[in-house]
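# okay, predicted coordinates and the sequence, questions at the end:
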Number of protein chains: 2
Amino acid sequence: MNNEQNKIPQATAKRLPLYYRFINNLHHQGKLRVSSKELSEAVKVDSATIRRDFSYFGALGKKGYGYNVEYLLSFFRKTLDQDEVTKVALIGVGNLGTAFLHYNFMKNNNTKIEMAFDADPNKLGSDIGGVPVYHVDDLEDHLKNTAVAILTVPSTEAQGITERLVDAGVSGILNFTPARISVPDHIRVHHIDLSVELQSLVYFLKHYPLEEEAGD
Amino acid sequence: MNNEQNKIPQATAKRLPLYYRFINNLHHQGKLRVSSKELSEAVKVDSATIRRDFSYFGALGKKGYGYNVEYLLSFFRKTLDQDEVTKVALIGVGNLGTAFLHYNFMKNNNTKIEMAFDADPNKLGSDIGGVPVYHVDDLEDHLKNTAVAILTVPSTEAQGITERLVDAGVSGILNFTPARISVPDHIRVHHIDLSVELQSLVYFLKHYPLEEEAGD
DNA sequence: AATAAGTCGTGATTTTATTCACATTCTTTT
DNA sequence: AAAAGAATGTGAATAAAATCACGACTTATT
């Protein structure tokens, strides 16, 4: 864990799970080898970028041949710690939270939502998507060895809940609320802001016109 | 529209909706002025980056004073075309799709989901979150002047639906499926890959340890 | 009125990420 | 066994983004 290979660029690290999924697909399709060019077409990342990304882990391929799918898969499985399950808690069983509970994150994945919390007493005890729902007041009682929390509460609650999560030992938060939460330096937060995504797509459409008609 | 200010960096463009939202908040709180430093603390973006971002639009602030909230707000409203509503269609009324229909994107927003589509006949006619649901077979009949589509279908369907959307004149797609879809050059796609986000957060936690204890 | 404090806008620098382009090596074909 | 073709890995170049650091101007204070 946290090896001295700290040199892997963040942009590369963000692409690793994507590569992993597609390599997995190839493996299921029975493909034995793959070139950076083929992979590029599948994941929509420039082939030179893929080769560069892979090269941070050493020479995974063979010149003139490409990459062995099986080898690549086992390498990425190891690198992404796919054999070790990371426990995740979800806070806020609203529409979005419920969707995630039903979403099967475990497919090709080393993460498992083990419990959920909500402030609404009507939601207690129910097992949404096989995940037990507890009252948010009891957060601290249930969160043990939970490394990651998915935050899908109303944005007014975001900061308060965050502080409790941090105190309870969570070290990573996937924040789906529009609030930008404050955390101590040792906590990592990734923001996914749905309306910003939509708005920025609209902005790009209006201000960054792409080639008109090109026929794929 | 698509002015000659094509020079705005993409990274800046992605942050604009975020700035807009926070400036809006400040305005509602009755604040009259704000400095890049204050804004920085709120949106968690370095203050120099904020000043640089704003500077692409000219001199919006005043030295020694900061930015006038009202002016900033009206400037961003104009820049982000907040007065013109962009029509959005949602394809795939599963758990995630339903969550978006309930989510009120219109708050602080110039986008409106006007219709939804699903392949399940049981979902037809229902008005989820005030949005009518049509059968996906009738996609082409209803999509008129719809610029943007949100894709929340099973990943096996993603490419096929995408092609129909493109033929029907959609020019931007917000893709929530794990599939990387292929589109002609003049179509813009933003991918939001939920399990990649979760996995990459986990990867960062394990491999990029942050300062141990800092006590914010 | 003079001084101090605050804050922008930006040239310069640094950092991060992407892409080019090719020598090298492996595979396949003849 | 030689030649042709394919594809890696990477030094070098380029591009994009973030950050530093400070002159210039504004506001607040004495």
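Thanks, I have it.
# distance from the longest strand anywhere in chain A to the middle of the chain?
What stands out as the longest strand in chain A, according to DSSP state E, is strand A:111-118. How far strand A:111-118 lies from its chain's middle: 15 Å, per Cα atoms, centre = their mean, to the nearest Å.
# strands paired with that strand, and their directions?
If you go by DSSP bridges, strand A:111-118 pairs up with strand A:86-91 (parallel), strand A:131-135 (parallel).
# now for the following helix or strand past that strand, which elements pack on it?
Later in the chain than strand A:111-118, the nearest helix or strand by DSSP states H and E is strand A:127-128. For strand A:127-128, the contact count by 3 or more Cβ pairs under 8 Å, 6 or more residues apart in numbering or on different chains; DSSP states H and E identifies helix A:95-102 as packing neighbours. Every residue, glycine included, has its C-beta placed from N, CA and C.
# using CSV, write down the CA coordinates of the helix it packs on.
Taking Å, rounded to 0.1, in the frame of the first residue of the first chain, the C-alpha atoms of helix A:95-102 are listed here in CSV:
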residue,chain,number,x,y,z
ASN,A,95,-33.9,9.6,-4.8
LEU,A,96,-30.3,9.7,-5.6
GLY,A,97,-29.2,7.7,-2.6
THR,A,98,-31.8,5.1,-3.4
ALA,A,99,-30.5,4.9,-6.9
PHE,A,100,-27.0,4.1,-5.7
LEU,A,101,-28.3,1.5,-3.3
HIS,A,102,-29.9,-0.3,-6.2
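# just the angle for it relative to helix B:95-102, thanks.
180 degrees (axes from the mean of the first three to the mean of the last three Cα atoms, to 10 degrees).
# buried residues, helix A:95-102. List them.
Buried positions in helix A:95-102, judged by neighbour count with 16 or more other Cβ atoms under 10 Å in any protein chain shown: A:95, A:96, A:97, A:98, A:99, A:100, A:101.
# can you give me the neighbour number for residue A:11?
9 (other Cβ atoms under 10 Å in any protein chain shown).
# what sits up against the longest helix belonging to chain A?
Using DSSP state H, we find that the single longest helix of chain A is helix A:10-28. Contacts to helix A:10-28, defined as Cβ atoms under 8 Å, 6 or more residues apart in numbering or on different chains, come from residues A:34, A:39, A:42-43, A:45, A:50, A:52-53, A:56, A:69-70, A:72-73, A:76-77, A:79-80, A:82, A:108, B:178, B:193, B:195-196, B:199-200, B:203-204, B:207-208.
# just the helices in chain A please.
Under DSSP H, chain A gives helices at A:10-28, A:36-43, A:47-55, A:69-79, A:95-102, A:139-142, A:155-167, A:194-207.
# distance of residue A:171 relative to residue A:161?
15 Å (Cβ to Cβ, to the nearest Å).
# so those two - more neighbours on which side?
residue A:161 (22 against 19).
# pretty sure that one contacts residue A:136?
Yes: using Cβ atoms under 8 Å, residue A:161 makes contact with residue A:136 at a distance of 7.3 Å.
# show me whatever sits in contact with both of the two.
residue A:91.
# before we move on, the earlier item: check which residues of the longest helix of chain A are buried.
A:12-24, A:26-27.
# repeat that for stretch A:155-164.
A:157, A:158, A:161, A:162, A:164.
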